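In: Next input, structure requested:
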Amino acid sequence: QVQLVESGGGLVQPGGSLRLSCAASRFTFASYAMSWYRQAPGKERELVASITAVGGSTDYADSVKGRFIISRDNAKKTLFLQMSLLKPEDTAVYFCNKDRRRHSLGDWGQGTQVTVSS
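Out: Numbers count the residues shown, from 1 in each chain. Modelled structure (predicted):
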């Protein structure tokens, strides 16, 4: 059973940076394209960034392009999201999971809260 544990969120001022991590276990992490998702209050969960299984290709939602970078360490079974130039509209709970466009989703973790506010 897929297990995903997100961490690294917090309160940051507009223009600041955060690095999120996702520790994966109980599945063959290196075989799957992975994604970061986020859900703001009252909104649907949206796909933010994705990376292929070996990390050779990435893609981003238009709203974060040029500000966020997704990466992975397959040896450590960990997914990362480096977020820069954060905006208040980036405030959400951030989750990691398999890329839903390519794979069936695993069980969702608890997510990590990111709040961008002055």
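
In: So what sits opposite the most centrally placed residue in the chain in the bridge?
Out: Centroid check for the chain by CA atoms, centre = their mean gives Trp36 as the closest residue, at 2.6 Å. Trp36 forms beta bridges with Ala49, Cys96, as assigned by DSSP bridges.

In: pretty sure it contacts Tyr94?
Out: Yes. If you go by CB atoms under 8 Å, Trp36 and Tyr94 touch, sitting 6.1 Å apart. C-beta coordinates here come from the backbone N, C-alpha and C atoms, glycine included.

In: Tell me which residue lies farthest from the centre of the protein.
Out: Outermost in the chain, CA atoms, centre = their mean: Ser118 at 23.0 Å.

In: Test my guess that that one contacts Leu11.
Out: No. With contact defined as CB under 8 Å, Ser118 and Leu11 do not form a contacting pair (10.2 Å).

In: re earlier: contacts only, for the residue farthest from the centre of the chain.
Out: With contacts defined as CB atoms under 8 Å, 6 or more residues apart in numbering, Ser118 is in contact with 13-14.

In: do Val54 as well
Out: 30, 74.

In: measure it to Met34 for me?
Out: 11 Å (CB to CB, to the nearest Å).

In: ok, Ile51 to Phe29 distance?
Out: Counting by CB to CB - Ile51 and Phe29 are separated by 12 Å.

In: brain fart, Lys76
Out: Distance from Lys76 to Phe29, by CB to CB: 9 Å.

In: Show me which of those two is the more surrounded one.
Out: Ranked by neighbour count (other CB atoms under 10 Å), Lys76 and Phe29 place Phe29 first, with 23 against 11.
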